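Undergrad: any chance you could fold what I've pasted below:
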Amino acid sequence: MDTVFDALQQFWHFTGFANATWQHLIMICIGIVFVVLGIVKKWEPLLLVPIGFGIVVGNIPFVEGLNIGVYEEGSVLNILYQGVRQGWYPPLIFLGIGAMTDFSALISQPRLMIIGAAAQMGIFGAYLLALWMGFAPAEAGAIGIIGGADGPTAIFLSSKLAPDLMGAIAVSAYSYMALVPVIQKPLMMLMTTKKERMIRMSSPRAVSQKEKIIFPIVGFLLTAFIVPSGIPLLGMLFFGNLLKESGVTRRLAETARGPLIDVVTMLIGLTVGCSTQADKFISVTSLKIFGLGLLSFIIATTCGILFVKLWNLFLPEGKKINPLIGNAGVSAVPDSARVSETVGRECDPSNHLLMHAMAPNVAGVIGSAVAAGILLSFLG
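TA: Residues are numbered from 1 along each chain as shown. The predicted structure is shown next:
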């Protein structure tokens, strides 16, 4: 009888119930909330559902030494997590983004690229705030990149500069990407007048196929020579776009923007979620990162809109830019551009801003990668 009792006691010792803490339960609840928001609210479900379920998986309590945790060397989850830890997944995501992105709006209206550059002030603003709050320079740089609203870039940079903070940084970046409409719309309404929201912009010119093919080559050369440390992201982004636009590599482009990016998105979401183990994630530092991430997103949106308003002071009537596209300078493609379109049509149902907003939006993708390269050059 004692043997049976000892066996049951040993079994209980290995269960999650025996090892659970209140921190584990809180994280599991957070993961479930992410899943619910992705399914019910449809807030970036391709991101929130894998991350949310990953948070649940990563916070099932267990006894150390079973070789199953994401931080236990040699475990299956640890092997999959190396794609995040070593920065393999983000360039593959950028390859798929490049194969999905149409740069026509930017090619036809290159002046709007400056708006994408202005929005990157969110990155450097958050960097300065993080320094002020006591983070080391490398950690501050990794936190600041959240302001670019680009999850893969945040993972890539944090894996190089602040691997210990990567879980909080990645979850923060992807969370705010999913909350783009919630965060940006009130700011846009607050910072623009009805007259400004009614501004109509002339239709962008048609872009030839030749221009579309030349753009990724020239774009890569210019950005890579300026910031060589951004080559892993910029190279894959422009390579994916060249596959799309060349017209002779359709199968490769379809693979990059379809099966490949889907597989990598699942793996990156699940493993990033698993990395938020309660003992490593629940801390004052994580709360600071989430707060700074929100501030960086607000700064980026605000700077984009204010820059357009300032620019309009020097533009003649008929050439003015609708400041509603200023929010699209962050690189959450195409969600930020869709917010511009939605808010614009609420004021004037016949005023379509999507094609105009896509120019700073795709410029923001390039800008966040360049900003990450700059930070890596100085802080790496």
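Undergrad: can you show me the CA trace of the helix or strand in which Q184 is found as CSV?
TA: Per DSSP states H and E, Q184 falls inside helix 180-191. Output of helix 180-191 as CSV, limited to C-alpha atoms (Å, rounded to 0.1, in the frame of the first residue of the first chain):
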residue,chain,number,x,y,z
VAL,A,180,-3.2,49.5,-34.7
PRO,A,181,-6.9,50.6,-35.3
VAL,A,182,-7.5,51.0,-31.6
ILE,A,183,-4.5,53.1,-30.9
GLN,A,184,-4.2,55.2,-34.0
LYS,A,185,-7.8,56.3,-34.8
PRO,A,186,-8.3,58.4,-31.7
LEU,A,187,-4.9,60.1,-32.2
MET,A,188,-5.8,60.8,-35.8
MET,A,189,-9.1,62.3,-34.9
LEU,A,190,-7.6,64.4,-32.1
MET,A,191,-4.8,65.8,-34.2
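Undergrad: list the buried residues of whichever helix or strand comes after that helix.
TA: The first helix or strand that comes after helix 180-191 along the chain, using DSSP H and E, is helix 194-197. Buried residues in helix 194-197, counted by 16 or more other CB atoms under 10 Å: E196, R197. All C-beta atoms are positioned from the backbone trio N, CA, C, and that covers glycine.
Undergrad: now the element after helix 194-197, going C-ward?
TA: Going down the chain from helix 194-197, the next helix or strand is helix 209-226, by DSSP H and E.
Undergrad: what lies in contact with that following helix?
TA: 98, 103-104, 107, 230-231, 234-235, 238-239, 241-242, 245-247, 366, 369-370 (CB atoms under 8 Å, 6 or more residues apart in numbering).
Undergrad: next: stretch 39-57.
TA: Against stretch 39-57 from outside (CB under 8 Å, 6+ apart): 27-28, 30-38, 77, 151, 171, 174-175, 177-179, 265-266, 268-276, 335.
Undergrad: ok, residues contacting the helix or strand harbouring A7?
TA: Per DSSP H and E: A7 is located in helix 2-14. Contacts of helix 2-14 with the rest of the structure, by CB under 8 Å, 6+ apart, involve A18, F62, V63, L66.
Undergrad: for whichever helix or strand comes after it, what is the average pLDDT?
TA: Later in the chain than helix 2-14, the nearest helix or strand by DSSP H and E is helix 16-19. For helix 16-19, mean pLDDT is 76.
Undergrad: on that earlier part again, C-alpha coordinates for the helix holding A7, PDB please?
TA: What follows is helix 2-14, C-alpha atoms only, in PDB (Å, rounded to 0.1, in the frame of the first residue of the first chain):
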ATOM      1  CA  ASP A   2       2.800   2.300   0.900                       C
ATOM      2  CA  THR A   3       4.400   1.600  -2.500                       C
ATOM      3  CA  VAL A   4       1.200   2.700  -4.300                       C
ATOM      4  CA  PHE A   5       0.900   5.800  -2.200                       C
ATOM      5  CA  ASP A   6       4.500   6.700  -2.900                       C
ATOM      6  CA  ALA A   7       4.000   6.200  -6.600                       C
ATOM      7  CA  LEU A   8       0.900   8.400  -6.600                       C
ATOM      8  CA  GLN A   9       2.800  11.000  -4.600                       C
ATOM      9  CA  GLN A  10       5.600  11.000  -7.000                       C
ATOM     10  CA  PHE A  11       3.100  11.300  -9.900                       C
ATOM     11  CA  TRP A  12       1.500  14.300  -8.200                       C
ATOM     12  CA  HIS A  13       5.000  15.800  -7.800                       C
ATOM     13  CA  PHE A  14       5.400  15.800 -11.600                       C
END
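Undergrad: now do that helix: distance to the chain's middle.
TA: Distance of helix 2-14 from the chain centroid (CA atoms, centre = their mean, to the nearest Å) equals 47 Å.
Undergrad: equivalent analysis for stretch 11-29, please.
TA: 31 Å.
Undergrad: buried sites along it?
TA: Within stretch 11-29, judged by 16+ other CB under 10 Å, the buried ones are Q23, H24, M27, I28.
Undergrad: again, but for stretch 199-217
TA: I199, M201, P204, V207, K212, F215, P216.
Undergrad: try stretch 333-351
TA: 333-341, 343-344, 347, 351.
Undergrad: for the residues you listed, which one is nearest V308?
TA: S340 (10.8 Å; CB to CB).
Undergrad: which non-adjacent residue is nearest the closest one?
TA: Nearest in space to S340, with sequence neighbours left out and distances taken as CB to CB, 6 or more residues apart in numbering, is A357 at 3.7 Å.
Undergrad: what about that neighbour, distance to V284?
TA: For A357, the distance to V284 (CB to CB, to the nearest Å) stands at 37 Å.
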